[in-house]
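1. 3D, please:
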Amino acid sequence: MSPVPFPKAATAPRVPSTALALQNFDMNYSLRFGEAWPSVRISLLSEQKYGALVNGFADVDHVAQELELVNAADFVSKSLQKVQHLQEGSVVEPAAREQSAPQEAPSEHQAAKLPPLSALVTPNIKCYTFPRGDITRFRSARPDVLGIFNYYLLDAASLLPVLALNIKPGDLVLDLCAAPGGKTLAILQTGLCGHLAANDISISRTKRLHQVLNSYVPKQVKETVCITSWDGRNWAELESGSFHKVLVDVPCTTDRHSVMEEDNNIFHKRRSKERQMLPMLQLQLLVAGILATMPGGEVVYSTCSLSQLQNEYVVERAIEIAETEYNIGTQVKDLSYFRTLFQNTFSFSSDCRLGELVLPHLTANFGPMYFCKLRRA
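-> Numbers count the residues shown, from 1 in each chain. All right, here's what the predicted structure looks like:
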């Protein structure tokens, strides 16, 4: 009788992309953040916190009343009002501090060091968040009688790059990597753009951008936005030195998505080369953004990654290339006042060499969000 053959060895089980991402982050970010990494790690693996960006094209007062009834507050105006009172020397009742909040309200000394409020952030943007430690979810947005949705749910930290643009009346603005559209929508909420160009290389993602604007913006306003699907790296060949403000919100490892979702995960083994090339792509996009900015204009670079390779190193290299290859000088603008303004809402890294970095924290689980502002000479 012939021996029964052993079954062939089964193929080794595929390691989930989320596990590969977490292994990568454990190896790199534990060195970057040291003792703070376990806290950031568990926050990345926990449910993300959202903000409700109020749609200024809807009934703003009614929306605000609804959100305040559920104990949410507009973190932008709340922070600016607090600083304004302190700068003017007004007596302000101290806000009740949540037991879980590790940070305090801006002090009088901090407020005195800030520039005038008009020079701080883009006005007119309203975004409601729940207090630190409150994990209440916002209900889904609803359309009004005209079909316009009343607010847009997003990671509230993703508004910080738009606020850093500090758009002024009549500014020509470029959103170089605009899809899926949250930041584009926020730019429109300022009501200040003389012209807005929204671009994204991906046609499928550009369709999502169209859907967002169709749902939140009246037709006559949407028609003023120039939506394109060009390769942003070549933008300077189309319109060099044309914009007052440029937002370069680049593709990145999207750290929170990478440890939570298998779908479209950049740590999938088939996407390893794409992932390795991300810093080069980011660099090319930022240089293109600098070239698209007119002299005296400003560029804000942003990612939703904790990686220095995708953040500070990209900015440093872009500054060098702009100088050596294009004879364009750029100056990194100090955004440390964002930490003072919004310390009750977000947890900021204290050792970011260039720009600012929002760290996920269980009591304020926004981010990660890196942003850095450059002024073209």
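
2. leaving out chain neighbours, which residue sits closest to residue 309?
-> Spatial nearest neighbour of residue 309, excluding adjacent residues (CB to CB, 6 or more residues apart in numbering): residue 279 at 5.2 Å. In this view, the C-beta of every residue, glycine as well, is placed from N, C-alpha and C.

3. so that neighbour: helix, strand or coil?
-> The local conformation at residue 279, judged by DSSP: H, G, I helix; E, B strand; the rest coil, is helix.

4. what's the single longest strand in the protein?
-> strand 293-303 (DSSP state E).

5. and that one, how far out from the chain middle?
-> Strand 293-303 sits 15 Å away from the centroid of its parent chain (CA atoms, centre = their mean, to the nearest Å).

6. run through the neighbouring helices and strands of it.
-> helix 160-165, strand 243-249, helix 278-292, helix 312-326, strand 369-376 (3 or more CB pairs under 8 Å, 6 or more residues apart in numbering; DSSP states H and E).

7. neighbouring contacts of the shortest one?
-> Right, the one you point to is helix 160-165. For helix 160-165, contacts defined as CB atoms under 8 Å, 6 or more residues apart in numbering pick out 76, 121-122, 125, 173, 183, 186-187, 245, 247, 249, 298, 300, 302, 335, 338, 342, 346, 356, 358, 369, 371, 373.

8. quick check: residue 338 vs residue 173, distance?
-> According to CB to CB, to the nearest Å, residue 338 and residue 173 sit 20 Å apart.

9. cool, residue 298 as well?
-> Distance from residue 298 to residue 173, counting by CB to CB: 10 Å.

10. shared neighbours of the two, anything?
-> Common neighbours of residue 298 and residue 173, using CB under 8 Å, 6+ apart, are 165, 244-246.

11. now the two most distant members of those residues.
-> Farthest-apart pair in those is 165 and 244; separation 9.3 Å (CB to CB).

12. please enumerate the shared neighbours of those two.
-> Going by CB under 8 Å, 6+ apart, residues that sit against residue 165 and also against residue 244 are 173, 298.

13. these two: which has the busier surroundings?
-> residue 165 (25 against 20; other CB atoms under 10 Å).

14. need the pLDDT of the residue nearest to residue 309.
-> Residue 279 is assigned 98 on the pLDDT scale.

15. what's the closest of the shared contacts of residue 298 and residue 173 to residue 45?
-> For the shared contacts of residue 298 and residue 173, the minimum distance to residue 45 (CB to CB) is 31.4 Å, reached by residue 165.

16. in contact with the closest residue to that closest one other than its chain neighbours, which residues?
-> Closest residue to residue 165 apart from its sequence neighbours, by CB to CB, 6+ apart: residue 245 at 4.8 Å. Residue 245 is in contact with 165-167, 171-174, 293, 297-300, counting by CB under 8 Å, 6+ apart.

17. average pLDDT for stretch 310-319?
-> Average pLDDT, stretch 310-319: 98.

18. contacting residues around it?
-> 250, 252-253, 278-279, 282-283, 286-287, 290, 301, 303, 305, 330, 332, 352-355, 357, 370, 372, 374.

19. rewinding a little: more neighbours: which of residue 338 and residue 173?
-> A count of neighbours by other CB under 10 Å puts residue 173 above the other of residue 338 and residue 173, at 25 against 22.

20. the helix or strand hosting the more buried one pairs with which strands?
-> In this assignment (DSSP states H and E), residue 173 forms part of strand 171-175. Sheet pairing for strand 171-175, assigned by DSSP bridges, gives strand 193-199 (parallel), strand 243-249 (parallel).

21. just the CA atoms of that strand, as PDB, please.
-> Output of strand 171-175 as PDB, limited to C-alpha atoms (Å, rounded to 0.1, in the frame of the first residue of the first chain):
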ATOM      1  CA  ASP A 171      -6.600  86.600  -2.800                       C
ATOM      2  CA  LEU A 172      -6.000  84.300  -5.700                       C
ATOM      3  CA  VAL A 173      -5.800  80.800  -4.100                       C
ATOM      4  CA  LEU A 174      -4.600  77.500  -5.400                       C
ATOM      5  CA  ASP A 175      -5.500  74.200  -3.700                       C
END
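
22. what angle sits between it and helix 278-292?
-> Per axes from the mean of the first three to the mean of the last three CA atoms, to 10 degrees, the angle that strand 171-175 makes with helix 278-292 is 160 degrees.

23. can you give me the mean pLDDT across strand 171-175?
-> 97.

24. phi and psi next, for the residue lying closest to residue 359 once chain neighbours are set aside.
-> Spatial nearest neighbour of residue 359, excluding adjacent residues (CB to CB, 6+ apart): residue 347 at 4.9 Å. Main-chain dihedrals, residue 347, degrees, to the nearest 10: phi -100, psi 120.

25. what's the distance between residue 347 and residue 358?
-> Applying CB to CB to residue 347 and residue 358 gives a distance of 7 Å.

26. which residues are in contact with both of those two?
-> Joint contacts of residue 347 and residue 358 (CB under 8 Å, 6+ apart) are residue 367.

27. show me where the stretch 1-150 of the chain has its strands.
-> In the stretch 1-150 of the chain, the strands defined using DSSP state E, counting those that start in this stretch lie at 51-54, 73-74, 127-129.

28. excluding chain neighbours, what is closest to residue 169?
-> residue 192 (5.0 Å).

29. can you count the residues close to that neighbour?
-> 19.

30. re earlier: pull out the buried residues from the strand holding residue 173.
-> 171-175 (16 or more other CB atoms under 10 Å).

31. who's in contact with that strand?
-> 165, 167, 183-184, 187, 192-199, 235, 239, 242-247, 249, 289, 292.

32. repeat that for 6 Å
-> Residues from elsewhere that reach strand 171-175, judged by CB atoms under 6 Å, 6 or more residues apart in numbering: 184, 193-198, 243-247, 292.

33. closest to residue 362 out of those?
-> Set against residue 362, the nearest of the contacts of strand 171-175 by CB to CB is residue 247 (29.3 Å).
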